[in-house]
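A.B. asks: This is the structure alone, sequence omitted:
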């Protein structure tokens, strides 16, 4: 039936629903849910020890969960054995496929060996490939070559790849979508761009890329067209763009404000006063190649600024900083 074939769509994805894991009476994971489409590289990002490896082990069938379900292409595979699931797995330490491929005598592979393990996994993977922090011991070229190989395999073999890492730069470089795990739960799911530019909470803003986070308290009415906050350190008045009342916090409650280092401007002459101008002293300059990180102190408020070029600036110099209102975010948690 031509009409049926054009409207019927088989669910082609790996779906984890409410996965939970208890270790020694502590919940390492609680109700972790996400969906990795075939042909997609899905990232699991979080600090070391947040439970990323536990998620992969549960998906692979090498570790039992304390609740939840796993579906592949609409079929429940939760009760299938590791062998029956046939998920390829590449990990840096204690990964099942690592021991099978190189033997159990080695605990930490070299970058070259890890790249070979990825090639082997790509050759054997049929539906799902799980990767646990496999790029951390590689040099730059090994990493880029492996990423290109995996992207190609994702398209050509229609794989669903789940990639766990504590390096957010790898998420930005490699993944189509990502979930951020914080406090044993998923705090945010989105594209890497969305996670970086629009963190939904403090815990995500703190770990997903470099960020300036500092305490402040609202000093204007919740009905004000342009809300204003006063920083706890330095007592600077900062105006932000109007947001929904529920995000503002109470007048007697401290909140966290956040602004990315590349969104702050440094100037010595004419500036735009609407950009929350504050005076600061340069306390450090760190050359990072294509960019330079400038550390500043504004009467006790410590800020980092990322610039493309730093001409004639050095520690001890005074300057003006501009913090655009539309680049400042509020975090109540």
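C.D. replies: Okay, I see it. Predicted model only: the values in this text are computed from it and were never measured.

A.B. asks: Please report phi then psi for residue 57.
C.D. replies: phi -60, psi -40 (degrees, to the nearest 10).

A.B. asks: With adjacent residues omitted, what lies nearest to it?
C.D. replies: Nearest residue to residue 57 in three dimensions, chain neighbours excluded: residue 63, at 3.7 Å (CB to CB, 6 or more residues apart in numbering). Every C-beta, even on glycine, is put in place using the N, C-alpha and C of the backbone.

A.B. asks: Could you pull out the helices in this structure for me?
C.D. replies: 2-7, 52-60, 82-85, 96-102, 111-124, 140-156, 168-174, 192-197, 202-207 (DSSP state H).

A.B. asks: Quick check: which of the ones you listed is buried the most?
C.D. replies: helix 52-60 (a mean of 24; mean count of other CB atoms under 10 Å).

A.B. asks: So which elements touch that one?
C.D. replies: Using 3 or more CB pairs under 8 Å, 6 or more residues apart in numbering; DSSP states H and E, the elements in contact with helix 52-60 are strand 13-23, strand 26-37, strand 40-45, strand 88-91, strand 128-132, strand 160-165.

A.B. asks: Figure out which of the helices of the chain is closest to residue 132.
C.D. replies: With CB to CB as the criterion, residue 132 lies closest to helix 52-60 of the helices of the chain, at 5.3 Å.

A.B. asks: ok, residue 154 touching residue 37?
C.D. replies: No - using CB atoms under 8 Å, residue 154 is not in contact with residue 37, being 10.0 Å away.

A.B. asks: quick one on the thing from earlier: of all the helices and strands packed on helix 52-60, which has the lowest average per-residue confidence?
C.D. replies: Ranked by mean pLDDT, the helices and strands packed on helix 52-60 end with strand 88-91 at the bottom, a mean of 90.

A.B. asks: Now do that one: which elements does it pack against?
C.D. replies: Checked by 3+ CB pairs under 8 Å, 6+ apart, strand 88-91 has helix 52-60, helix 96-102, helix 111-124, strand 128-132 packed alongside it.

A.B. asks: Residue 161 is nearest to which of these?
C.D. replies: Going by CB to CB, the one of the helices and strands packed on strand 88-91 nearest residue 161 is strand 128-132, 4.8 Å.

A.B. asks: ok and the closest one relative to strand 160-165, angle-wise?
C.D. replies: 10 degrees (axes from the mean of the first three to the mean of the last three CA atoms, to 10 degrees).

A.B. asks: For the closest residue to residue 235 other than its chain neighbours, give me its contacts.
C.D. replies: Distances taken as CB to CB, 6+ apart put residue 299 closest to residue 235, at 7.3 Å, once the chain neighbours are dropped. Residues in contact with residue 299, defined by CB atoms under 8 Å, 6 or more residues apart in numbering, are 233-236, 279.

A.B. asks: what does residue 114 give?
C.D. replies: 90, 92, 134-135, 137-138, 142, 146.

A.B. asks: Quick check: residue 157 vs residue 85, distance?
C.D. replies: With distances taken as CB to CB, to the nearest Å, residue 157 is found 17 Å from residue 85.

A.B. asks: One more: residue 188?
C.D. replies: 28 Å.

A.B. asks: Verify the contact between residue 228 and residue 238 for me.
C.D. replies: Yes - Residue 228 is in contact with residue 238 according to CB under 8 Å; the separation is 6.9 Å.

A.B. asks: So for the two, which residue has more residues nearby?
C.D. replies: residue 238 (20 against 16; other CB atoms under 10 Å).

A.B. asks: okay but that one is in contact with residue 232, surely?
C.D. replies: No - Residue 238 lies out of contact with residue 232 (CB under 8 Å); the separation is 11.6 Å.
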